[in-house]
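>>> sequence unavailable; structure follows:
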């Protein structure tokens, strides 16, 4: 059989429209998973042993089972317990569960990478725990978390194709429907692969930009950050402490 990529060009707008569902599923579930992952990571680091063990069990189960299984359980098994969901909400819930488990471990590792002495110093000057996390720990941990977080984001984008098994009309299901009627699987799947490559390339570019933005030792602190830390006025009046 001869390849005819004009078929792929003909149906490319249809696949591009289906990519909207892919982006929506990925971004929504990743946003929910990130917020939930932050709280899970803080709970995992809690001094309350029962809470830490409870979160560990959740992460162990979710990371140890495939997302495909989560999708089937949320969409097909939930109605047995009186909860019936449409395909898209079910996919968002299942993907958010997976994202929260993986993200929580990434955040936990980033938080633990910040030296505990900084938290002790912040406590010594009277800062509350939420303020310490928000103003001292997280700004330093974010830079450490960016590469693994974005790598997980990219994997999560590709795994969104699994939502096709519960009839979410994203890129892969749309591609399957097209080549089932045209019998041009190679051409259509190549076009679908190009769409995924564009999406993941955008995330790769975002990762590089975030790494550059958080490279404080090379670009220095922004004027806004310097003013917030009380450094800008001192520099403006030339009152720096001379080097010994």
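Good, I have the coordinates. All values derive from a computational prediction rather than experimental measurement.
>>> for the residue lying closest to residue 136 once chain neighbours are set aside, pull up the helix or strand it's in.
Leaving aside its sequence neighbours, residue 136 sits nearest to residue 122 (C-beta to C-beta, 6 or more residues apart in numbering; 5.0 Å). (C-beta placed from N, C-alpha, C; glycine too.) Counting by DSSP states H and E, the element that carries residue 122 is helix 116-124.
>>> chain center to that helix, what's the gap?
Helix 116-124 has its C-alpha centroid displaced from the chain centroid by 29 Å (C-alpha atoms, centre = their mean, to the nearest Å).
>>> quick check: which helices or strands does whatever helix or strand comes next after it pack against?
On the C-terminal side of helix 116-124, the closest following helix or strand by DSSP H and E is helix 129-132. Under the contact definition 3 or more C-beta pairs under 8 Å, 6 or more residues apart in numbering; DSSP states H and E, helix 129-132 sits against helix 116-124.
>>> contacts for the helix it packs on next, please.
Residues from elsewhere that reach helix 116-124 (C-beta atoms under 8 Å, 6 or more residues apart in numbering): 131, 132, 135, 136, 137, 140.
>>> give the next helix or strand downstream of the longest helix along the chain.
Determined from DSSP state H, the single longest helix within the chain is helix 6-44. Where DSSP H and E defines the elements, the next helix or strand beyond helix 6-44 is helix 49-64.
>>> only the buried residues of that following helix, if you could.
By neighbour count on 16 or more other C-beta atoms under 10 Å, the buried set for helix 49-64 is 55, 58, 59, 62.
>>> any chance of the residues you listed in a markdown table, plus distance to residue 117 and pLDDT?
A markdown table is the format used below for the buried residues of helix 49-64 (distance: C-beta to C-beta, whole Å; pLDDT from 0 to 100):
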| residue | distance to residue 117 | pLDDT |
| --- | --- | --- |
| 55 | 25 | 96 |
| 58 | 30 | 96 |
| 59 | 27 | 96 |
| 62 | 33 | 96 |
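>>> from those residues, pick the one nearest residue 227.
For those, the residue nearest residue 227 by C-beta to C-beta is residue 55; the value is 38.1 Å.
>>> just checking, the closest one touches residue 48?
No. Between residue 55 and residue 48 there is no contact under C-beta atoms under 8 Å: 10.3 Å.
>>> confidence score at the residue nearest to residue 136?
Note for residue 122: predicted pLDDT of 82.
>>> pLDDT weak spots in this structure?
Along the chain, segments meeting pLDDT under 70 span 1, 216-222, 225-226, 228-244.
>>> re the thing from before, in PyMOL, select just the buried ones from the contacts of helix 116-124.
In PyMOL, a selection of the buried entries from the contacts of helix 116-124 looks like this (16+ other C-beta under 10 Å):
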select buried, resi 132+136+137+140
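>>> which one of the contacts of helix 116-124 is nearest residue 71?
residue 137 (34.4 Å).
>>> contact partners for the closest one?
Contacts of residue 137 (C-beta under 8 Å, 6+ apart): 111, 114, 118, 119.
>>> would you turn the contacts of helix 116-124 into CSV with distance to residue 28?
Output for those, formatted as CSV (distance: C-beta to C-beta, whole Å):
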residue, distance to residue 28
131, 30
132, 30
135, 28
136, 30
137, 27
140, 28
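>>> for the contacts of helix 116-124, which one is nearest residue 95?
residue 137 (27.7 Å).
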